[in-house]
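Participant: Can you look at this prediction? I've put the sequence above it.
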Amino acid sequence: MTLIGYRSENHPQQVRRRGPNPEVDDRATHPEDFRQLHQRFHFTIDVAAQPHNAKRPCFYSPVEDGLTQPWSGERVWCNPPFSSIEPWVRKAWTEWDHADGPSVIVMLLPANRTEQRWWQELVEPFRDKGHGFHVEFLPGRMRFIRAGSTDVGPNERPPFGCCLLIWGDS
């Protein structure tokens, strides 16, 4: 077998700038998974929620737009739309760099995007090198709940693992 002449290409879903896709992105973190993270980090706000899947009483929905709101003084949980991750990672760095920024930010992301430009520019140069920032790759596959459902249905786990980007204490 030879690789001469082979052209590698990313799947269009990985490179297209289409913004959030509600049909795909409206997935709630399973309550048991969130409970364990909340016990560890003591979140005060969910910055990327829908009213039906918010994990904290204080949350930003698309109406309030967590990308335009301040996160100062909060302990932030963020499960952003997986079809538009880069703006959320940029926002987290911006908030983290403020003197009165959040004390912790935890962002749940798919772990299979490490080749993408946003990961290479915004995560990899800082990963586990201080700056109050590190990455934890989670074991197995997380469960997510579809909009309109109360639990995970059969065959509804994503075909990828997840990781946490963590700014602050762990």
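Facilitator: Yep, that arrived. Numbers count the residues shown, from 1 in each chain.
Participant: C-alpha from now on. contacts and neighbour counts both.
Facilitator: Fine.
Participant: What are the phi and psi values at L37?
Facilitator: phi -70, psi -40 (degrees, to the nearest 10).
Participant: Quick one: neighbours of it, just the number.
Facilitator: By the measure other C-alpha atoms under 10 Å, the count of residues near L37 is 15.
Participant: With the one 5 residues further on instead?
Facilitator: A count of nearby residues for H42, using other C-alpha under 10 Å, gives 15.
Participant: what does the model give the residue lying closest to it once chain neighbours are set aside for pLDDT?
Facilitator: Distance criterion C-alpha to C-alpha, 6 or more residues apart in numbering; nearest residue to H42, sequence neighbours excluded, is R75 at 6.8 Å. In the predicted model, R75 carries a pLDDT score of 97.
Participant: Please apply the same query to R146.
Facilitator: As predicted, R146 sits at a pLDDT of 68.
Participant: Give the phi and psi angles for the residue nearest to H42, as a check.
Facilitator: With angles defined as degrees, to the nearest 10, R75 sits at phi -110, psi 100.
Participant: ok, it - contacts?
Facilitator: F41, H42, F43, T44, I45, P102, S103, V104, I105 (C-alpha atoms under 8 Å, 6 or more residues apart in numbering).
Participant: Please apply the same query to F126.
Facilitator: Contacts of F126 (C-alpha under 8 Å, 6+ apart): F133, H134.
Participant: swap in E74?
Facilitator: With contacts defined as C-alpha under 8 Å, 6+ apart, the neighbours of E74 are F43, T44, I45, G101, P102, S103, V104.
Participant: One more pass at 6 Å, please.
Facilitator: Shown in contact with E74 (C-alpha atoms under 6 Å, 6 or more residues apart in numbering): T44, P102.
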